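Asker: Pasting the sequence and the predicted model now:
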Amino acid sequence: GKTSVTLLGLGAMGTALARTWLAAGHPVTVWNRTPARAAALAAEGARVADGAAAAVAANTLVVVCLLDDTSVDEVLAGTDLAGKDLVNLTTSTPAQARGRARWARERGARYLDGGIMAVPPMIGVPEAGGYVFYSGSRELFERHRETLGAPVGTTYVGEDAGFAALYDVALLSAMYGMFAGAAHAFALIRKEDIDPAALAPLLADWLVAMAPAVHRTAGQLRSGDYTEGVGSTLAMQVAGTPTFLSTAEQQGVSPELLSPYFALMRHRLSEGSGEEDLTGVIDLLVRRPGT
Ligand code: NDP
């Protein structure tokens, strides 16, 4: 039969996960601090435990999807984790994930940390492309790969329990940079008689067309040669920045989202890197001891 799952935390995400496991035929035991949130799932066949300890005792595979690391502490405090396969899908920092892995090991549990790259409506919808980054015990991941993959895709990123959180935050950080750029673009047209809905498809296509540049960046970081395959040199791009800043000014738009990036580009140029790509900005961001 299908692996039985215990799930602690029935927020928007936990509820979506429980629902897809139930639909896929997995016996599911749930617990939530606010019991009312378990009612709908009970009607769909979930067993509702009357405490976190009872829920943990019910199955070997224990998945937690709570608000934050502090709530994980509170919920698991009185539970016996010896021999358990603990999978923590609660968003955390790499340091919290590593700490939680040690904490779980001390209690006799195997530990896998997850970073969810999906929103609840993407759970149980494979074509939506969502997935979860996993890191920590490879053995646990392999053993439960199929069960973990039932609600949403899985991507294992290494034995270091902090890596799932790190990949998660890396991707989301890049997303915020993209949103910041799009916000500036929309702000530029706001005063004009331009339909934002006419700009949107152009913007989306342009972002998609530019996205593969990250492969060139990765190649340059690997080789250490930041001129490799460069199309638009740093010198040329810095020379263009006044056009961007003047246009913002003419449109009455604050340059505050663009300026910090332009400042880093100028800084790198001042170090004599005019023939390079934009990759040197990364070195300026990474703080090294003694620099
Ligand atoms: P919700 O806010 O919907 O649910 C939070 C859950 O945590 C609830 O079950 C809540 O219980 C429980 N909780 C909070 N504090 C405590 C506590 N001190 N003790 C016991 N239980 C507690 O959040 P989501 O379900 O959306 O998110 C869960 C995790 O998934 C988070 O770490 C989030 O970052 C992550 N995630 C969410 C995404 C999303 O789009 N929703 C996307 C990617 C990751 P109660 O019902 O009693 O309040």
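Answerer: Everything's here; your move.

Asker: what residues does stretch 24-40 touch?
Answerer: 1-11, 14-15, 18, 21-22, 41, 45-52, 54-55, 58-59, 75, 147, 150-151 (C-beta atoms under 8 Å, 6 or more residues apart in numbering). All C-beta atoms are positioned from the backbone trio N, CA, C, and that covers glycine.

Asker: Intersect those residues with the contacts of the ligand.
Answerer: Counting by C-beta under 6 Å from any ligand atom, 9-11, 14, 75 from the contacts of stretch 24-40 sit close to the ligand.

Asker: Buried ones among the residues you listed?
Answerer: 9-11, 14, 75 (16 or more other C-beta atoms under 10 Å).

Asker: Which of those fall within strands?
Answerer: Judged by DSSP state E, the subset of these located in strands is empty.

Asker: would a markdown table of the residues you listed with distance to Y261 be doable?
Answerer: Formatted as a markdown table, those follow (distance: C-beta to C-beta, whole Å):
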| residue | distance to Y261 |
| --- | --- |
| G9 | 38 |
| L10 | 41 |
| G11 | 35 |
| G14 | 37 |
| V75 | 41 |
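
Asker: Tell me the one among the residues you listed nearest to the ligand.
Answerer: G11 (1.8 Å; C-beta to the nearest ligand atom).

Asker: Let me have the ones next to the ligand among the contacts of stretch 24-40 in JSON lines, adding pLDDT as columns.
Answerer: Formatted as JSON lines, these follow (pLDDT from 0 to 100):
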{"residue": "G9", "pLDDT": "98"}
{"residue": "L10", "pLDDT": "98"}
{"residue": "G11", "pLDDT": "98"}
{"residue": "G14", "pLDDT": "98"}
{"residue": "V75", "pLDDT": "98"}
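
Asker: Let's see which of the residues you listed end up in helices.
Answerer: If you go by DSSP state H, these have 14, 75 in helices.

Asker: Tell me who's in contact with V152.
Answerer: For V152, the contact set (C-beta under 8 Å, 6+ apart) comprises 17, 20, 116, 118, 122-124, 126, 130-132.

Asker: separation between it and A53?
Answerer: Between V152 and A53 the computed distance is 28 Å (C-beta to C-beta, to the nearest Å).

Asker: what does A43 give?
Answerer: To A53, A43 is 24 Å away according to C-beta to C-beta.
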